[in-house]
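**Q** Whatever this is, show me its structure:
(chains A and B)
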There are 2 protein chains.
Amino acid sequence: MDGHVKAPTVVNGLNVDELFGLIERVKSEPEKANTHWRLATTWQGQARSRSEVEGYGIGGQEVPRRFSIDVDEPCELGGSNRFANPQEYLIAALNACMTVGYVAQCAVRGITLESLVIETEGDINLRGFLGIDSGVPNGYDNLRYTVRIKGDGTKEQFAEIHQAVMATSPNFYNLSRPVSLKPDLVVE
Amino acid sequence: MDGHVKAPTVVNGLNVDELFGLIERVKSEPEKANTHWRLATTWQGQARSRSEVEGYGIGGQEVPRRFSIDVDEPCELGGSNRFANPQEYLIAALNACMTVGYVAQCAVRGITLESLVIETEGDINLRGFLGIDSGVPNGYDNLRYTVRIKGDGTKEQFAEIHQAVMATSPNFYNLSRPVSLKPDLVVE
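**A** Okay, the predicted model is just below:
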């Protein structure tokens, strides 16, 4: 029995020792920084799909994980309204990523969060998707969001964290900049 | 009793009469084309969040719908691995949207689909998110995807449909072009 085992530092539920450990590993061994994400999505009839995760890669290691994500469309858009739709999942992906950003940025500064809510909204004109007017944007021109944050940081600290999240969040990056999409069609 | 009630035309589970009806309404009344999407995302502790849908707007009408989307991070990235992560949800949002596109483009051409699978993958270097190197992209530089489609269309028809999906899919648009993100921070 070792009386000197140190309890991990946990802030906002995040193990900050492990987070700093990850940062140090990635600094000294850049190849540990690579993460690989993949999903297979299978049509389930009508407007429904199921996306399945079987694992992801980190630092060249494969980590098995199993999740499925069910998506549908509202009845007015040809679906059966059993699940949220693709535009809603996209916003959830953005908000969830930024949430992790705020929680982690607070944790490394020792700021305890009490609550965090992100409300996001956007508009899409169906004339693009329906092929009626190619001059109309098919997707979101913009997304407006409000971050409501409460914790023991100062206003200045939260403003700094807010900037840091915009500067580092992967999904903020993925939506605010063009991602090159590289398709391959296989007719079976 | 009217003996002339016509059964709806359903292809791939989609009611094609309703789809053409939507197209005609949006052509004659452009304001019917507006859709409004919104979510509120609440931090659940550690790296977990829950996004809640309460409804959406179409053609100025509010349609109540209730869904929640739970997101987490893998253990290696500070999470508890209870749910898929934000980068996986983003891919699911893209794949699900394109799935609806293929199904609808086939339906309006009277092509019956037998199966449709979209496999998508991408890489993210953690040096961006972890703030180690601001020269590293924080998100996906690119996403590669393979569409495996089977049905009674010709190879030429499926190639045409493939182009039409890229040209009209809202989430293909949202990822392949920059969406302007407009934040507001409220420290409570």
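
**Q** which residues are in contact with the least confident helix or strand in chain A by mean pLDDT?
**A** Averaged element by element with mean pLDDT, DSSP states H and E, chain A has its least confident helix or strand at helix A:126-129 (a mean of 91). When contacts are taken as C-beta atoms under 8 Å, 6 or more residues apart in numbering or on different chains, the neighbours of helix A:126-129 outside the stretch itself are A:132-134, A:136-139, B:22, B:26, B:30, B:32-35, B:101, B:168-170, B:173. Just so you know, the C-beta spots here come from the backbone N, C-alpha and C atoms, and that holds for glycine as well.

**Q** if you set the cut-off to 6 Å instead, what comes out?
**A** Residues from elsewhere that reach helix A:126-129, judged by C-beta atoms under 6 Å, 6 or more residues apart in numbering or on different chains: A:133, A:136, A:137, A:138, B:26, B:33, B:168, B:170.

**Q** Bridged to residue A:52, which residues?
**A** Here residue A:52 shows beta-bridge partners residue A:40, residue A:68, assigned using DSSP bridges.

**Q** So it is in contact with residue A:41, correct?
**A** No: Residue A:52 is beyond contact range of residue A:41, at 7.6 Å (criterion: C-beta atoms under 6 Å).

**Q** Between those two, which has more neighbouring residues?
**A** residue A:41 (27 against 15; other C-beta atoms under 10 Å in any protein chain shown).

**Q** how close does the more buried one sit to chain B?
**A** For residue A:41, the distance to chain B equals 4 Å [C-beta to the nearest C-beta, to the nearest Å].

**Q** Identify the residues contacting that residue.
**A** Under the criterion of C-beta under 6 Å, 6+ apart, the contact list for residue A:41 reads A:49, A:51, B:95, B:118.

**Q** tell me which element the residue most central in space within chain A falls in.
**A** With distances taken as C-alpha atoms, centre = their mean, residue A:97 lies nearest the centre of chain A, 3.3 Å away. Secondary-structure element containing residue A:97, defined by DSSP states H and E: helix A:86-108.

**Q** Also residue A:183?
**A** When secondary structure is defined using DSSP H and E, the element that contains residue A:183 is strand A:180-187.

**Q** where in chain A is pLDDT low?
**A** A:1-3 (pLDDT under 70).

**Q** What segments of it are strands?
**A** A:10-11, A:14-15, A:34-43, A:49-58, A:61-71, A:113-125, A:142-151, A:180-187 (DSSP state E).

**Q** The last one vs chain B: in contact?
**A** Think strand A:180-187. Yes: residues of strand A:180-187 are located near chain B by C-beta under 6 Å from any C-beta of the partner chain, namely A:180, A:181, A:182, A:183, A:184, A:185, A:186, A:187.

**Q** Buried ones only from those, please, as a PyMOL command.
**A** When burial is assessed using 16 or more other C-beta atoms under 10 Å in any protein chain shown, the buried subset of those is captured in PyMOL by this command:
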select buried, chain A and resi 181+183+185+187
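
**Q** Would you check how far apart residue A:42 and residue B:28 are?
**A** Per C-beta to C-beta, to the nearest Å, residue A:42 is found 37 Å from residue B:28.

**Q** which one of the two has more residues nearby?
**A** Here residue A:42 and residue B:28 are compared on neighbour count by other C-beta under 10 Å; more neighbours surround residue A:42, at 18 against 8.

**Q** could you list every residue that touches the more buried one?
**A** With contacts defined as C-beta under 6 Å, 6+ apart, residue A:42 is in contact with A:50, B:117.

**Q** Recalculate using a threshold of 8 Å.
**A** Residues near residue A:42 by C-beta under 8 Å, 6+ apart: A:49, A:50, A:52, B:115, B:116, B:117.

**Q** Spatially nearest residue to the last one (excluding sequence neighbours)?
**A** Excluding its sequence neighbours, the residue lying closest to residue B:117 (C-beta to C-beta, 6 or more residues apart in numbering or on different chains) is residue B:148, at 4.5 Å.
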